[in-house]
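Q: Provided below for reference: sequence and predicted model.
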Amino acid sequence: MSGVIDVVEVGECYVAKSANREWVEKSRHGAVITSLLRYALDSKTVDVALVVEAREGYRFDSVLSIVKESSEIKEPIGAFHCATPNIAKFIKNYLDGARDLKVAVVVKPCDARAIIELAKRNQINLENVLMIGVNCTGTFSPTAFEKILREEFGVDPSSVVYEDIEGDSLIIELENGEQRELNLRELEERGLGRRENCRRCDVKIPRMADLAVGKWGVENDKASLIEVCTSKGAKLLEEAVRANAIVIEKPSEEALRIRDEKVEEAVASARYWQEKALSELSRLSPKERLAHWFRYLDKCVKCFGCRDACPICYCVECYLEPTRGLVPPGEIPPSKLFPLVRLAHVADSCVNCGQCEDVCMADIPLSKLTFILNKQLQEVFHYVPGVSVEEMPPLTVVTDEELLVDLTTALFEKR
Amino acid sequence: MSSEQDFKPLVVAFCCNWCSYAGADLAGTSRIQYPPNVRIIRVMCSGRVDPQFILRAFEKGADGVLVAGCHPGDCHYLKGNLYARRRVILLKRLLETIGIEPERLRLEWISASEGGKLAEVIHSFVKELEKLGPNPLKEVVK
Ligand code: SF4
Ligand code: SF4
Ligand code: SF4
């Protein structure tokens, strides 16, 4: 690379590659994340790294593993489109919220947002979490993806070595180097495709993480574009560069322009799905809405899966537990309140991660329902969940200005 | 409930101890008439009313739910009523999203001296609920 530099500033973008040439060759996008993680461990910037790995080499199933030594990361990690581990909850539940442990973790935008929401609630110590964000255009449930591979592409999943989303195309690459492509929008209109929350997600670059890494703009250069979002991120990158783990240079105007275009395209697609969810509902009369949702809600078997998975549900003594006197024990199907109370408790802060829907054994479109409510609440409270750790959830704060307003509706409500 | 005329809406009213419940008390001692369709539940503060209280009232058959607290600035706990207001905003949207008319949920500020206002609020609420008809949730949860 020409124009190599070693000073890193917050808010700037850099084209980056691993300094390990062998890895760069093996990788698609410069093995940047792999090298950053290894550097963070070697330099003792963090105690452990959380890494998503293919389960026993099968890339359509994944596990989250805790890595203590950089030597455990043997080759470029690569991207997975079927990996949706519940990273925020993992840190909270199994790493004691990073209270006494410094953790580096690779996050999608929704993971980063969930971590921030938990940090606001004092459940994760953000100081100890180094978030290396990856740009994201969506993920698939493993079973849905296998179905697409078998039935739509007509290939054996184990012969697929790579998959990617480019605009409206879903691209796969086979062992023999052959590439195949299908129209993703068309698949999704038929009910196949990405997880539904991902279709609606309009946060493509995780600027709430410390670093945001992506391929847009430098797709064909075996490199990544890194946006530096915090001083913590700047420090890591600068040190990694000075320690000869990463090589960076200034991006071309062209690269940045391409990146912006790709983001715009992905956001436009998200808007399409958002609009679809909202308009489908607005066409229904109140009676029809009730029938529509209760057709789903009626299937709830009170497995507590959604509550356990949702990063916003962190209460030690959840109101849905029988001890709280609201939902009686041993009663199946449960009171209709079960999903609705949760909805009321989390809707203002929902980060659209889809974890609730992933685990729901009754296939209730939980994230869609929460999304629809959250969207309306954003208009009222102007609160975007999981963006800034300083900004508290709108139901937990009131302003002095509100003391002076006597009308019930004047302050927030349009009608 | 054989016909619409016979429909007597049931209102559950959460009244805060310091203002609205005292207001209701005043309405009683001043012998101000208000419809008997209301069940008043005293809470220490309107801010104590968790969303689930309201949802539970609807689930158990209330046609309307009233949350009544002190006027802004008068809350015994300074800002509890303001939290209640934000919560009611959320709940109105929630109700509308799932298909229950948001008008079935009302938030009102009623001070200890406003016995008359309490009666008026209940009058107008009951009237509105008569127009709306029975809570549609009753159909789906039975
Ligand atoms: S409600 Fe569902 S989509 Fe929203 S934050 Fe919780 S788990 Fe994620
Ligand atoms: S359902 Fe409500 S009470 Fe239970 S964990 Fe979630 S937010 Fe807390
Ligand atoms: S995950 Fe689904 S079935 Fe289980 S409690 Fe939640 S809504 Fe009910």
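A: Happy to help now that I have it. The model shown is predicted, which means the values in this text are computed figures rather than measured ones. Ligands and ions are numbered 1, 2, ... in the order given.
Q: Any regions of chain B where pLDDT drops low?
A: Along chain B, the parts satisfying pLDDT under 70 run over B:1-5, B:142.
Q: nope, chain A is what I meant
A: Where chain A drops to pLDDT under 70, the residues are A:1-2, A:407-415.
Q: Tell me how it divides into domains.
A: The record's domain parsing of chain A by automatic domain parsing lists A:13-136+A:202-256, A:285-402.
Q: so can I have CSV of the ones you listed showing distance to ligand 2 and mean neighbour count?
A: Where you see a C-beta, it was placed from the backbone N, CA and C, and this is true even at glycine. Supplementary listing: the domains of chain A in CSV, determined by distance: least, CB to the nearest ligand atom, whole Å; neighbours: other CB atoms under 10 Å in any protein chain shown:
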stretch, distance to ligand 2, mean neighbour count
domain A:13-136+A:202-256, 10, 20
domain A:285-402, 3, 18
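Q: Give me every residue in chain B lying close to chain A.
A: Contact residues, chain B versus chain A (CB under 8 Å from any CB of the partner chain): B:50-52, B:55-56, B:59, B:71-73, B:79, B:82-83, B:85-94, B:96-101, B:107-109, B:136-137, B:139-141.
Q: Residue B:125 and ligand 2, how far apart?
A: Separation of residue B:125 from ligand 2 (CB to the nearest ligand atom, to the nearest Å): 28 Å.
Q: List the contacts of that residue.
A: Residue B:125 makes contact with B:11, B:64, B:66, B:106 under the criterion CB atoms under 8 Å, 6 or more residues apart in numbering or on different chains.
Q: how about the helix or strand in which residue B:23 is found: buried residues?
A: In the assignment (DSSP states H and E), residue B:23 maps to helix B:20-29. Neighbour-count burial for helix B:20-29, with 16 or more other CB atoms under 10 Å in any protein chain shown as criterion, is recorded at B:20-27.
Q: Between the domains of chain A, which one is closest to residue A:267.
A: domain A:13-136+A:202-256 (5.0 Å; CB to CB).
Q: closest to ligand 3 among the contacts of residue B:125?
A: Nearest to ligand 3, judged by CB to the nearest ligand atom, of the contacts of residue B:125 is residue B:64 at 27.4 Å.
Q: tell me which residues form a beta bridge with the closest one?
A: Going by DSSP bridges, residue B:64 is paired in beta bridges with residue B:11.
Q: measure it to residue A:343 for me?
A: 21 Å (CB to CB, to the nearest Å).
Q: and what of residue A:305?
A: Using CB to CB, one gets 15 Å for the distance from residue A:305 to residue A:343.
Q: swap in residue A:113?
A: 18 Å.
Q: before we move on, what about residue B:50?
A: Distance from residue B:50 to residue A:343, counting by CB to CB: 13 Å.
Q: Setting aside sequence neighbours, what's the nearest residue to residue 38?
A: Since you didn't name a chain, this refers to chain A. Closest residue to residue A:38 apart from its sequence neighbours, by CB to CB, 6 or more residues apart in numbering or on different chains: residue A:70 at 4.0 Å.
Q: wait, I meant chain B there
A: Per CB to CB, 6+ apart, closest to residue B:38 is residue B:11, 4.3 Å.
Q: now swap in residue A:149 and tell me
A: Leaving out its chain neighbours, the residue that sits closest to residue A:149 by CB to CB, 6+ apart is residue A:157, at 4.7 Å.
Q: Over to residue A:169: give its phi and psi.
A: Per-residue torsions, residue A:169: phi -110, psi 140 (degrees, to the nearest 10).
Q: Name all residues that make contact with it.
A: By CB under 8 Å, 6+ apart, the contact set of residue A:169 is A:181-184.
Q: what is it paired to in the beta sheet?
A: Under the criterion used (DSSP bridges), residue A:169 bridges to residue A:166, residue A:183.
Q: how about the helices in the chain?
A: I went with chain A, as the question did not name one. Taking DSSP state H to define them, one finds helices in chain A at A:21-26, A:32-42, A:87-94, A:109-120, A:142-147, A:184-189, A:196-200, A:231-242, A:253-282, A:286-297, A:305-309, A:337-346, A:355-359, A:366-381.
Q: my question was about chain B
A: Here chain B has its helices, by DSSP H, at B:20-29, B:51-59, B:80-98, B:115-132, B:137-141.
Q: what's the offset of the last one from the middle of its chain?
A: Averaging C-alpha positions (CA atoms, centre = their mean, to the nearest Å) puts helix B:137-141 20 Å from its chain's average.
Q: Endpoint to endpoint, stretch A:314-331 covers what distance?
A: 24 Å (CA to CA, to the nearest Å).
Q: try stretch A:393-404
A: End-to-end for stretch A:393-404, by CA to CA: 21 Å.
Q: So is that stretch next to ligand 1?
A: No. Contact of stretch A:393-404 with ligand 1 (CB under 6 Å from any ligand atom) is absent, the minimum separation being 11.8 Å.
Q: swap in stretch A:267-283?
A: No. Judged by CB under 6 Å from any ligand atom, stretch A:267-283 makes no contact with ligand 1; its nearest approach is 12.9 Å.
Q: Mind listing what's buried along that stretch?
A: Applying a neighbour-count criterion of 16+ other CB under 10 Å, one finds A:269-270, A:273-274, A:277, A:281 buried in stretch A:267-283.
Q: Residue A:75 is nearest to which of the helices of chain A?
A: Shortest distance between residue A:75 and the helices of chain A, using CB to CB, is found for helix A:21-26: 6.3 Å.
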